[in-house]
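*Asks:* my questions are about this predicted structure, shown below with the sequence.
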Amino acid sequence: MVRATGWGFVLGFVTLLFAGHVAGPLEHIIVVRAMLASKRDFFEDQHVKRLLMSHGYQVQVTPADSFELAETADLDDYQFVLLSGQAAADRVYERRQGKHAIGYAPFFTPLVLGTFRDYAEALQAAGVARPQYSGDKPLYYSVDMGKLIALVDQQVHWNKYGLDNQNRLLAQSPDPCRSYSGAAYVGLVAFARYAHPVATDAEALEQARGIRPMLDAEGQHSDDMAPKYFVPEGRSFATVAVIYEHQYLAYQNRRRLPEPAARQRSRARHRPGADVPQRPARDRARPDLVRP
């Protein structure tokens, strides 16, 4: 992961769309329908599923991007929704006027850059990234976003830093018009370039025009970079991907779930500053988190 100076936390909002509660002992499984954005990883976690099932609940997940969720035609079919960002949450409240809607903010997750070991080291060689702790192969780095955006603006290529890749040095971000993480990344880039929030519509338009070449260079945007980044072919989709920290941690936890027979993996969870267990050979090329 890569953590930037002034890096903000992205807020996950839950809105309960029904009133009432279940009285008495649970005698059967209650299916709760939910429309969830990127925070759906929590409800797809096997341990969470078992805990909910032990209390008689099963969450039926319908995935959606935050802005798509906020504009969904009919939310009455869902017991709750979970989306990222205040703007999308405000839109849900606006559309639920006169109907039951209670908001909670149970999750905070930073926006991060996920990359691969050799690209993290290339960013370090470029003076953009530095490890957050000492060690042979650190998993967490801090990134100076101002320096990163300067290299993007200069149209520097990865092969300048010893990589066999002639593409431009870029981070692949989700669609900023559909995904809150994509919109948040655009905001972060704007602040890194211009160092102050916009005060007028004309200034916003000027900054948007300045950022547009970077977005054009990224090519076609997808709704969520995490599914593409975490597959074995992730390098072909994005060498650096804009994701949420919880998506990376969910990926690490999934890798450490017990598997049948000789393919069992360790459940150990590491943190910055802890010793990193050696990975099985077949996993050593999988993503590491480089943090802005």
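*Replies:* Okay, I see it. Just so it is clear, the structure is predicted and the values come from calculations on it, not from any experiment. Numbers count the residues shown, from 1 in each chain.
*Asks:* contacting residues for C177?
*Replies:* Shown in contact with C177 (C-beta atoms under 8 Å, 6 or more residues apart in numbering): F67, A183. For every residue, glycine as well, the C-beta is placed using N, CA and C.
*Asks:* need the three-state assignment for it.
*Replies:* With DSSP: H, G, I helix; E, B strand; the rest coil as the basis, C177 sits in coil.
*Asks:* so what does it look like in phi/psi?
*Replies:* phi -90, psi -20 (degrees, to the nearest 10).
*Asks:* separation between it and R235?
*Replies:* From C177 across to R235, the span is 26 Å (C-beta to C-beta, to the nearest Å).
*Asks:* also Q155?
*Replies:* Distance, Q155 to R235, by C-beta to C-beta: 21 Å.
*Asks:* who has more neighbours, the two?
*Replies:* R235 (16 against 12; other C-beta atoms under 10 Å).
*Asks:* any idea of the pLDDT on that one?
*Replies:* Listed pLDDT for R235 reads 86.
*Asks:* what's the next secondary structure element after the helix or strand where it lies?
*Replies:* Using DSSP states H and E, R235 sits within helix 234-237. For helix 234-237, the following helix or strand on the C-terminal side (DSSP H and E) is strand 240-244.
*Asks:* A64 is in contact with S84, correct?
*Replies:* No: between S84 and A64 there is no contact under C-beta atoms under 8 Å: 11.1 Å.
*Asks:* check which residues of the longest helix along the chain are buried.
*Replies:* Counting by DSSP state H, the longest helix found in the chain is helix 201-218. Within helix 201-218, the residues scored as buried using 16 or more other C-beta atoms under 10 Å are Q207, I211, M214, L215, E218.
*Asks:* in JSON lines: the residues you listed, plus distance to A89.
*Replies:* Converted to JSON lines, these look like this (distance: C-beta to C-beta, whole Å):
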{"residue": "Q207", "distance to A89": "24"}
{"residue": "I211", "distance to A89": "25"}
{"residue": "M214", "distance to A89": "28"}
{"residue": "L215", "distance to A89": "25"}
{"residue": "E218", "distance to A89": "27"}
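*Asks:* quick one on the thing from earlier: and the longest helix of the chain, what other elements does it pack with?
*Replies:* Here helix 201-218 touches helix 145-153, helix 180-194, going by 3 or more C-beta pairs under 8 Å, 6 or more residues apart in numbering; DSSP states H and E.
*Asks:* just want the angle from that helix to helix 180-194.
*Replies:* Relative orientation of helix 201-218 versus helix 180-194 (axes from the mean of the first three to the mean of the last three C-alpha atoms, to 10 degrees): 110 degrees.
*Asks:* got the contact list for helix 201-218?
*Replies:* 149, 152-153, 155, 168, 170-173, 176, 186, 189-190, 193-194, 198, 221.
*Asks:* picking up where we left off before, any idea which of the helices and strands packed on helix 201-218 gets closest to A34?
*Replies:* helix 180-194 (17.2 Å; C-beta to C-beta).
*Asks:* okay, angle between that closest one and strand 240-244 too, please.
*Replies:* 120 degrees.
*Asks:* I figured D77 hits R33, correct?
*Replies:* Yes: under the criterion of C-beta under 8 Å, D77 makes contact with R33 at 6.4 Å.
*Asks:* more neighbours: these two, which one.
*Replies:* R33 (15 against 10).
*Asks:* now F107, which residues is it bridged with?
*Replies:* Following DSSP bridges, F107 is listed with bridge partners G12.
*Asks:* how many neighbouring residues does it have?
*Replies:* F107 has 18 nearby residues by other C-beta under 10 Å.
*Asks:* okay, Q252 and T72: tell me how far apart.
*Replies:* Taking C-beta to C-beta, one finds Q252 at 31 Å from T72.
*Asks:* ok so, going back, and the helix holding R235, what's buried?
*Replies:* G234, R235.
*Asks:* break down the chain into its strands, ranges please.
*Replies:* Taking DSSP state E as the test, the strands found in the chain are 9-16, 30-36, 57-63, 80-84, 102-115, 129-131, 141-143, 240-244, 288-290.
*Asks:* so which of the ones you listed is the most packed in?
*Replies:* strand 240-244 (a mean of 28; mean count of other C-beta atoms under 10 Å).
*Asks:* picking that back up, what sits in contact with each of S84 and A64?
*Replies:* Both S84 and A64 are contacted by A37, under the criterion C-beta under 8 Å, 6+ apart.
*Asks:* sorry, back to before: redo the helices and strands packed on helix 201-218 as CSV? Include mean neighbour count.
*Replies:* Shown next, in CSV, are the helices and strands packed on helix 201-218 (neighbours: other C-beta atoms under 10 Å):
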stretch, mean neighbour count
helix 145-153, 18
helix 180-194, 21
